[in-house]
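Visitor: structure, please.
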Amino acid sequence: MNNKNRFLSPEDAEVIKNQPFSDTLPGTLLKDFQALLDFIGDDGIDATKTTHHIGMKYLFELNERMTRPVETELKRPQQKTFPVIHGLYLLLRTSGLGRLVAQKSKTLIVLDQDILTSWRSLNTKERYFSLLFFWVSRGEEEVLGERSGIYGSSFLNAVYIYRTASQGGNSSIVTECRYYGPHNIALLALFGFIEAVPKKSNKSVDTADMQVVFSSFGKVMLTYLGDAVSRFMNETGNYLSDELYDFCAKDLKPLVPDWQNRLLIKEREVLTEGYSVIAVKVRDAVRKLAVPHDTFLDDLASSILDAFNFDDDHLYEFVYKNDIGLIERVAHSFADDGDYWADDMTLGEMPIHEGMTFVFHYDFGDDWRFQCQVEALVKEEGKYTEPKVIEKKGRAPKQYYY
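Guide: Take a look at the predicted model:
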């Protein structure tokens, strides 16, 4: 693959070479991100029930630990009321440092100890660029449950803000920046690409009157990375992935001494032994199934339908959120679109864990949605060789009413 640098002029390269890095330079990213890690600590913190954001009860205290706390008159603010915290949460999840763990009736945000060890081994520049490329390559608005801007990518929305402001003949952010997501503006400031972030948050999280200036470093990096994203996708034929880091590092590392390593990226663990106990609910009926981890999802689909006396003659998909909060779809082999295919993926290849929920969406016309929850992971081998119903509750609904 041709990775020749066509986007950095000698003048731009000098800007990057001369940029100092510390906990507060070029922005307060590393200081504020470490404050978030310290706040979560060894025990973790409660996540909200539906969005899995940072629990409301923690937000005021965490906000006060930020370099630039946000003022708000809200009594019960949500995470997005604090754009800096909202942006940091995106980095927490996409980096893998923060993960969700089900604990009885609640969900915790905890730190992954393996990745935390990796984080502690990195120097300042390595931490900065690790987080930057997680934002660029993984930072989907979907992780936050947002629909901000015109792109699904938080970073591409930030690039759009920059390009729109530049085309307007000045370096101020356009009015109505609320549309692009205050958290994206906060991330621009955290990474040192602009000088200011929203300082006051009302019920509407109003940022329409905010004026900020892009730094020289920000202009160079946003121009380079915006073009590099297009170049990467054109040359690889793929959407953004962690390979973008290596693609850009060839250009950037020679300009940043001491940047050698990056944060650990853990591969998804594949379970091949044992089984999961999965509670499947549709309307008022529940069937608990013991499902070996080497079961193909096509067979799991058939087992769910059999458990509720449904015919197996329509398309379906399994829908769940992966480890960083992105929705993945495993489709019927005859379907036109999907991230994975049910006849080629086993239950153990899903990001399976106790408390995990997913949806078995069957018959897109009648729109049956079976709510599934993993109640237990059992490592015992040999007890079940195929999916089996182990408990029934309630009468199964009729599949057809004609």
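
Visitor: got a list of contacts for the helix or strand encompassing Val220?
Guide: Using DSSP states H and E, Val220 falls within helix 216-236. Identification of contacts with helix 216-236 by Cβ atoms under 8 Å, 6 or more residues apart in numbering yields 1-2, 6-8, 12, 15-16, 19, 26, 136, 155-156, 158-159, 162-163, 166, 188, 191-194, 214, 238-240, 243-244, 247-248, 251-252. All C-beta atoms are positioned from the backbone trio N, CA, C, and that covers glycine.

Visitor: which residues of the stretch 101-250 of the chain fall in strands?
Guide: Assigned by DSSP state E, counting those that start in this stretch, the strands in the stretch 101-250 of the chain fall at 106-111, 200-201.

Visitor: next step: the contacts of helix 216-236 restricted to helices.
Guide: Among those, DSSP state H puts 12, 15-16, 136, 155-156, 158-159, 162-163, 166, 188, 243-244, 247-248, 251-252 in helices.

Visitor: just the buried ones from the residues you listed?
Guide: Burial by neighbour count, 16 or more other Cβ atoms under 10 Å: within these this picks out 12, 15-16, 136, 155-156, 158-159, 162, 188, 244, 247-248, 251-252.

Visitor: give me the lowest-pLDDT entry from those residues.
Guide: Within these, Tyr162 has the lowest pLDDT, namely 89.

Visitor: so which of the strands of the stretch 101-250 of the chain gets nearest Val378?
Guide: Val378 lies closest, by Cβ to Cβ, to one member of the strands of the stretch 101-250 of the chain: strand 106-111, at 21.5 Å.

Visitor: buried set for the closest one?
Guide: Those would be Thr107, Leu108, Ile109, Val110, Leu111, for strand 106-111 by 16+ other Cβ under 10 Å.

Visitor: so what's the first one bridging to?
Guide: If I follow you right, that is Thr107. Thr107 has these beta-bridge partners by DSSP bridges: Ala102.

Visitor: for it, which residues are in contact?
Guide: Taking Cβ under 8 Å, 6+ apart as the contact definition, Thr107 lies against Asp46, Ala47, Lys49, His52, Leu100, Val101, Gly355.

Visitor: can I get the residues you listed in TSV with distance to Phe33 and neighbour count?
Guide: Converted to TSV, these look like this (distance: Cβ to Cβ, whole Å; neighbours: other Cβ atoms under 10 Å):
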residue	distance to Phe33	neighbour count
Asp46	20	15
Ala47	18	21
Lys49	25	11
His52	19	19
Leu100	18	19
Val101	20	15
Gly355	27	18
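
Visitor: in helices only, show me those residues.
Guide: Using DSSP H, no member of these sits in helices.

Visitor: ok, these vs Asp258, which is closest?
Guide: Proximity of the contacts of Thr107 to Asp258 (Cβ to Cβ) peaks at Leu100, which lies at 33.5 Å.

Visitor: just checking, the closest one touches Lys106?
Guide: No - when contacts are counted by Cβ atoms under 8 Å, Leu100 is not listed as touching Lys106 (10.6 Å).

Visitor: find the residues that touch each one of those two.
Guide: Common neighbours of Leu100 and Lys106, counting by Cβ under 8 Å, 6+ apart, are Ala47.

Visitor: partner strands of the longest strand belonging to the chain, parallel or antiparallel?
Guide: Using DSSP state E, we find that the single longest strand of the chain is strand 368-378. Looking at strand 368-378 with DSSP bridges, its partner strands are strand 275-282 (antiparallel), strand 357-362 (antiparallel).

Visitor: give me the contacts around stretch 76-84.
Guide: Residues from elsewhere that reach stretch 76-84, judged by Cβ under 8 Å, 6+ apart: 32, 48, 51, 53-54, 56, 59-60, 62-63, 66, 68, 70, 72, 74, 85-86, 89, 144, 146, 182-183, 185-186, 189-190, 197-198, 201, 205.

Visitor: burial of Lys80, as a residue count?
Guide: Look at Lys80: counted by other Cβ atoms under 10 Å, it has 21 neighbours.

Visitor: scratch that, Tyr224 is what I was asking about
Guide: 19.

Visitor: I'd assumed Tyr316 was in contact with Gly365.
Guide: No - judged on Cβ under 8 Å, Gly365 makes no contact with Tyr316 at a distance of 11.7 Å.

Visitor: neighbour count winner among those two?
Guide: Summary of the neighbour comparison: Gly365 and Tyr316, criterion other Cβ under 10 Å, with Tyr316 having more neighbours (24 against 7).
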